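*Asks:* return atomic coordinates for the entry below.
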Amino acid sequence: MFLLKFINKLFNRYVYNHTQKPEHYVHVDKPLTLQDYRQIQYNRWCKRYAIYNGSYLLKDSNTLLRKGWVESTHQLDNSGDKEFTRKSSKQRVRFEHAKNDQIDHYHWFNPSPSKRNNMKLKYLDRYGKPCTDRDDCHHLAPLDADCPKNASKKYICRRKER
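*Replies:* Numbers count the residues shown, from 1 in each chain. Predicted coordinates for the structure are as follows:
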C-alpha cells in the first residue's frame with residue numbers, strides 16, 4: 001500500500017513538472033496525455049479550494065459574487081439572465097434561470113470567437129472547445145453535471161458518475 005502511494009506521488013510530481021498549467025477548469029472524460037492528467041490535477045484543486053470557472057460553476061449564481069466574479073449584466077437586459085465576469089482571468093459566463101422547457105444552466109462565452117461554416121463560434125462546451133449557439137453542448141449544467149439535450153425540465157441533471 002505504501003509503495004503504491006509513493007509511486008502515485010512520483011507520477012503526480014512528474015506530471016506537474018513536465019506539463020503546462022491549465023488556464024481554467026475543463027472537463028476530462030478519459031485522460032490520454034500527460035497534459036490531460038495535469039488538467040485533472042487542476043480540476044481537483046479547483047474543487048478543493050472552491051475555485052469556480054469555466055464549466056465548473058455553482059447552482060446558486062449569487063455565490064459567484066463572493067468568489068471573485070463581477071456581475072456584468074447589461075442594464076437594459078430584462079430577461080432575468082445574469083452575466084458574470086471573473087476578475088482574474090476575464091472569463092465570461094451567462095446564467096439562465098429555468099424557463100418554459102429549460103432548466104437552470106450556464107453559457108460559457110468564447111474569449112476569441114471565430115467562424116465555422118459561416119456560423120459564429122460564440123460559446124465553449126464543457127471541454128473548452130468552441131461551439132455555436134445552435135449546438136446543444138453549450139448548455140452547461142451546474143457543478144459538472146450532465147445537461148440533457150435541449151436542457152429540458154423533464155430530465156434531471158445528474159452528476160456524472162466516475
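
*Asks:* distance check, Lys122 against Ser112.
*Replies:* Going from Lys122 to Ser112 by Cβ to Cβ, to the nearest Å gives 11 Å. Yep, even glycine has a C-beta here, placed from its N, CA and C like the rest.

*Asks:* same question for Asn17.
*Replies:* Per Cβ to Cβ, Asn17 is found 29 Å from Ser112.

*Asks:* which one of Lys122 and Ser112 has more residues nearby?
*Replies:* Lys122 (16 against 6; other Cβ atoms under 10 Å).

*Asks:* show me the contacts for the more buried one.
*Replies:* Residues in contact with Lys122 (Cβ atoms under 8 Å, 6 or more residues apart in numbering) are Phe109, Asn110, Pro113, Thr132, Asp133, His138.

*Asks:* show me which of the residues you listed is closest to Val26.
*Replies:* Nearest to Val26 among the contacts of Lys122 is Asn110, at 13.1 Å by Cβ to Cβ.

*Asks:* pretty sure the closest one contacts Leu124?
*Replies:* Yes: applying Cβ atoms under 8 Å, one finds Asn110 in contact with Leu124, separated by 5.2 Å.

*Asks:* more crowded one of the two?
*Replies:* Taking other Cβ under 10 Å, Asn110 and Leu124 do not tie; Leu124 has more neighbours (25 against 19).

*Asks:* now the more buried one, nearest residue through space, not along the chain?
*Replies:* Excluding the flanking residues, the one nearest Leu124 by Cβ to Cβ, 6 or more residues apart in numbering is Trp108, at 4.6 Å.
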